[in-house]
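Trainee: sequence and predicted structure below; questions after.
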Amino acid sequence: MARLSVTMAGAAALIGVLAALSAPAMAQYPDRPIKMIVPWAAGGDTDNIFRPFAVELQKHIGQPVVIANVGGASGTVGAREAKNAAPDGYTVYAVHDYIHLTFYAGISDVKYSDFEPVCLVAATPSVLTASAKTPWRNWQELAADAKKRPGEITVGATLGSTSHIFPALIEKQAGLKFKFVSYDGLAPRMNALLGGHINLTDSNLTQKGKVEAGLLRFIAIASEKRDPESPDVPTLKELGMNIVFEVVRGLVVPKGTPAPVRAKLEEGCTKATKEPGFAQAMKVQGTRVAFLNANDYGKFLAKIDDENKAIMTDLGLIKK
């Protein structure tokens, strides 16, 4: 018993020493640059949203936040690198809904629950977008042509991700049959669309300038109401399809990241999303600022995971 008491006393002392050592170290976080993994190519919509966010975050967190574009395999290469990173707050992961879809499609074993939530940042309504080299001026012309040529109209998509699920929902509700062509992220899809190598893709209002230049055509937007920045673009609901589809983006960290570190990141995120400069940058991207704190974002992630599982089941794409 005496020996046990001594051992317990020693352990308590050791814990005290470690606490004394770790507290100042934690208080100094961050004391070096933070890597933000964006799992898509530079120039895509996720990259365009998180670059201005990183500028605002580093302002409030006191260290540089460096974007690392880690693309490949429908965004799952970056997801896996983020999951396997040290849980010390120096690697953060810029994620969107694709993480639910690629898991249920059987493309990846990485789940949203492999990470700790920090904050929700933004939400972007999807827009069905056509190449200017197609003959259609509107949805009615596109639908009529698609019914005559099932399986011939090509849609660029990152398979198993949001850009696949969104047109698949349209395909199902409209009773059409598209031909999907795989691209890794929006940037290469847009290049293919501009070149006329594919007919359609899922994009968003970030492409408004190309539409105004006559290089692309917006067919319909997946929001509840028409967007004031593009009032001539009808909603899918107006066209008889009950589809509202937003890509939501947030920040997470590897499981096991200490609570004080997550709290520091959450505080920085809260302040960064309130910056007028970030709101203006999101307006240019056809995106709304959609902040949720860590607790609410965690609940939101669980909710949309269930919803995405249901969508994948309904479309017959679920593998898990």
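Mentor: Looks like it arrived, so ask away.
Trainee: so who does the residue nearest to residue 95 when sequence neighbours are not counted touch?
Mentor: Of all residues not flanking residue 95 in the chain, residue 252 sits nearest, at 5.4 Å (Cβ to Cβ, 6 or more residues apart in numbering). Every residue, glycine included, has its C-beta placed from N, CA and C. Residue 252 makes contacts with 82, 92-93, 95, 112, 115-118, as judged by Cβ atoms under 8 Å, 6 or more residues apart in numbering.
Trainee: looking at those residues, which two lie furthest apart in space?
Mentor: 92 and 112 (14.6 Å; Cβ to Cβ).
Trainee: so for the longest strand seen in the chain, what gets flagged as buried?
Mentor: For the chain, the longest strand by residue count, based on DSSP state E, is strand 115-125. Going by neighbour count (16 or more other Cβ atoms under 10 Å), the buried part of strand 115-125 is 115-125.
Trainee: show me which helix or strand of this protein is least confident by mean pLDDT.
Mentor: helix 2-27 (a mean of 43; mean pLDDT, DSSP states H and E).
Trainee: please name the bridge partners of residue 247.
Mentor: Judged by DSSP bridges, the bridge partners of residue 247 are residue 124.
Trainee: so how far is residue 145 from it?
Mentor: 27 Å (Cβ to Cβ, to the nearest Å).
Trainee: please apply the same query to residue 249.
Mentor: 33 Å.
Trainee: between these two, who's got more neighbours?
Mentor: Between residue 249 and residue 145, counting by other Cβ atoms under 10 Å, residue 249 is the more crowded of the two (22 against 16).
Trainee: what sits against that one?
Mentor: If you count contacts by Cβ under 8 Å, 6+ apart, residue 249 has them with 46, 49-50, 94-96, 120-124.
Trainee: quick one: which of those residues is nearest to residue 298?
Mentor: For these, the residue nearest residue 298 by Cβ to Cβ is residue 120; the value is 9.9 Å.
Trainee: how much space is there between that closest one and residue 225?
Mentor: Distance, residue 120 to residue 225, by Cβ to Cβ: 21 Å.
Trainee: for residue 147, which non-adjacent residue is spatially closest?
Mentor: The nearest residue in space to residue 147 (Cβ to Cβ, 6+ apart) is residue 176, at 6.7 Å.
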